[in-house]
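In: Build the 3D model from these lines:
(one chain, ligands or ions: 1)
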Amino acid sequence: MGVVSLFAELIDPVTRHGVVGRACERGLVELVHESPRSFTSDRHRTVDDRPYGGGPGMVLRYEPMRAAIDALRRRLPEGSRALVLSAQGRAFNGSFARELAAAPGLLLVTGRYEGLDERIIEAEPLEEVSVGDYVLSGGELAAAVIVDAVARLLPGVLGHEESGARDSHMDGLLGCPQYTRPEVIDGRAVPEVLLGGDHEKIRRWRLKHALGRTWRRRPELLEARNLSDEELELLAEFKAEADSSEQGSGKL
Ligand code: 9D3
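Out: Numbering: from 1, shown residues only. This next block holds a predicted model:
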C-alpha cells in the first residue's frame, strides 16, 4: 500500500502498533509514502495556491501531486487501486474494505486545505472515498483508517483466534458484551452462562446478544443481512426478555 500525503507522521503509527504493526514487521503489509513537497522546485517548496474564483483557503497544486503519484505508482504493483480521501466520496464500510483487500495494491492520495485540484482526480482517475459524515482537517487520518481496516483482511495478518471471530456467523453484527476477572465488581456480576464451560451455550448467548445489540442500535445492519433460523430464534428470545425487563425499569 502507498500513501501520497504532506504529513506521513499522521499515518505511520498504524504500521508500528498492534495487529497491523506486526503484519508490517513480518512483511505481510508494506506501507510506502511520497510527499508532494519532494516534487517542488521553488525556494519555498510550495505545494498549494489560491483557488480560482476566489474565496478562503488554498488548493493543492496539480504538478507536485501528479509527480508524487507517479513516483508512488512505480513502487506499487501493476493494477493497484487508486483512491483519494475526500469528504465528498463514497462511504467506506466493511464490504468496500474487502473489495480493496482483493486488489493487487492500494494507492491512497490525501489532501489538506480545501483539497486537491479537481483535474488530478479526473486525470488519474482517483476514486473518492469518505470515512464518515464529519469534517476532518485533512485526509491523513482517514487514510490511516483505510490502511488499518484493509490490512486486517490481508492473508495471514490476523492470528487464528481473531480471524475465527471475523469470518464466523458474527460477521455483519455488532460485538457482544465482554467480561474479564473478577466475577463480581461493585455489585455487578458476570452473566452466569459465561462462567460455566458449556461452549455451545456460550456461543448461543454471544450470538443472541450480538443480534440484540444490532437490532437495538443499528437495525439497518440486520435488514442488510439474512438471518438463519437459529438467529431468528435467538433474536426473538432477546426481544422477549427485553420486553419483560423493561416493565417499569425505564430502560431502553
Ligand atoms: C470546511 C471545508 N469544506 C467546505 C464545505 C470542504 C472540506 C475540505 C477539506 C471538507 C473537509 C476537508 C478535509 N477532509 C478530508 O480530507 C477528508 C474527510 C473528511 O473530512 N470527512 C470524512 N472523510 C474524509 S476523507 C478525507
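In: Domain boundaries for this structure, per the record?
Out: Per the record, the chain has its domains at 2-160, 167-248, by automatic domain parsing.
In: end to end, how far does the first one reach?
Out: It refers to domain 2-160. Start to finish, the residues bounding domain 2-160 are 27 Å apart (CA to CA, to the nearest Å).
In: Could I get the average pLDDT for that domain?
Out: Domain 2-160 carries an average pLDDT of 97.
In: so how far is it from its chain's centroid?
Out: Using CA atoms, centre = their mean, to the nearest Å, the mean C-alpha position of domain 2-160 is found 13 Å from that of the whole chain.
In: can you count the residues close to Leu72?
Out: Neighbourhood size, Leu72 [other CB atoms under 10 Å]: 21. In this view, the C-beta of every residue, glycine as well, is placed from N, C-alpha and C.
In: Next up, the contacts around it.
Out: When contacts are counted by CB atoms under 8 Å, 6 or more residues apart in numbering, Leu72 touches 2-4, 32-34, 107.
In: If we use 7 Å, what do you get?
Out: Neighbour list for Leu72: 2, 4, 32, 34, 107 [criterion: CB atoms under 7 Å, 6 or more residues apart in numbering].
In: same check, this time on Gly57
Out: Per CB under 7 Å, 6+ apart, neighbours of Gly57: 51, 113-114.
In: ok, now which ones touch the most centrally placed residue in the chain?
Out: By CA atoms, centre = their mean, the chain has its centre lying nearest to Ala149, at 4.0 Å. By CB under 7 Å, 6+ apart, Ala149 lies in contact with Ala97.
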